[in-house]
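Enquirer: Got a predicted structure here, sequence first:
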Amino acid sequence: MPYIIDGHNLIPWIPGLDLASVDDEVQLIELVQEYCRLRRKRAEIYFDNAPPGQPRARHHGQVLARFVRTGQTADDAIRARLLRLGAEARNWTVVSSDQQVQLAVRAARAQPISSEAFAHLLIDTLRQGESTPGQEAKSALDAGEVQEWLDLFSSGGEGSGET
């Protein structure tokens, strides 16, 4: 089941990531990309406030990062995406703790998961190197590699995890 992720809603729940960081979106994309590789999943991540002159969507392996222009929010774009999916929305999991988004997720019969719950799933997957059955263990990260990733994305302290 692929994911639709409210990026700026998820960032505060990931230790070492901070919404005030210049490259918080890139850091999140890289972590989700590794998660998708390990779990053999796909994801679309939506971010508010697209930088001017930048493409609206960029592929990063199994992750499609969508940058929403000023005048619209990531929440609006996620709700519109669910409408476009129609009946197929039931095959998607939407990561957001925003109540309006969660209402739209339930109305579309997609699977909701809070940002906090998904953050725990992402971190546990990266730490344990979990993979789908039949995937070779050599593709998983070891504990040292996960710590390197977390250290790399750490900006002098852990994120508060609060919104």
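Expert: Thanks, I have it. Numbering: from 1, shown residues only.
Enquirer: tell me which residues of the lengthiest helix in the chain are tucked away?
Expert: The longest helix of the chain (DSSP state H) is helix 24-39. Applying a neighbour-count criterion of 16 or more other Cβ atoms under 10 Å, one finds 24-25, 27-39 buried in helix 24-39. In this view, the C-beta of every residue, glycine as well, is placed from N, C-alpha and C.
Enquirer: Stretch 79-89 too?
Expert: 79, 81, 82, 89.
Enquirer: Quick check: the gap between residue 98 and residue 87.
Expert: Using Cβ to Cβ, to the nearest Å, we find residue 98 at a distance of 23 Å from residue 87.
Enquirer: Now whichever strand or helix holds residue 125: average pLDDT?
Expert: Residue 125 is part of helix 115-128, with elements assigned from DSSP states H and E. What helix 115-128 shows for mean pLDDT is 94.
Enquirer: now stretch 59-71
Expert: Mean pLDDT, computed over stretch 59-71, is 88.
Enquirer: same check, this time on stretch 19-31
Expert: Average pLDDT, stretch 19-31: 91.
Enquirer: what about that stretch, distance to the chain center?
Expert: Distance of stretch 19-31 from its chain centroid, counting by Cα atoms, centre = their mean, to the nearest Å, is 11 Å.
Enquirer: go on, stretch 20-39?
Expert: Counting by Cα atoms, centre = their mean, stretch 20-39 is centred 7 Å from the centre of its parent chain.
Enquirer: How many residues are close by residue 76?
Expert: Residues lying near residue 76 (other Cβ atoms under 10 Å) number 16.
Enquirer: where along the protein do the helices fall?
Expert: With DSSP H, the ranges of helices along the chain come out as 7-10, 24-39, 74-85, 99-107, 115-128, 143-153.
Enquirer: close enough to count as contact, residue 36 and residue 63?
Expert: Yes - the criterion here is Cβ atoms under 8 Å, and residue 36 meets it with residue 63 at 5.9 Å.
Enquirer: shared neighbours of these two, anything?
Expert: Counting by Cβ atoms under 8 Å, 6 or more residues apart in numbering, the residues touching both residue 36 and residue 63 are 42, 43.
Enquirer: ok, so what distance separates the closest residue to residue 42 other than its chain neighbours from residue 29?
Expert: Excluding the flanking residues, the one nearest residue 42 by Cβ to Cβ, 6 or more residues apart in numbering is residue 2, at 4.1 Å. Applying Cβ to Cβ, the value for residue 2 to residue 29 is 15 Å.
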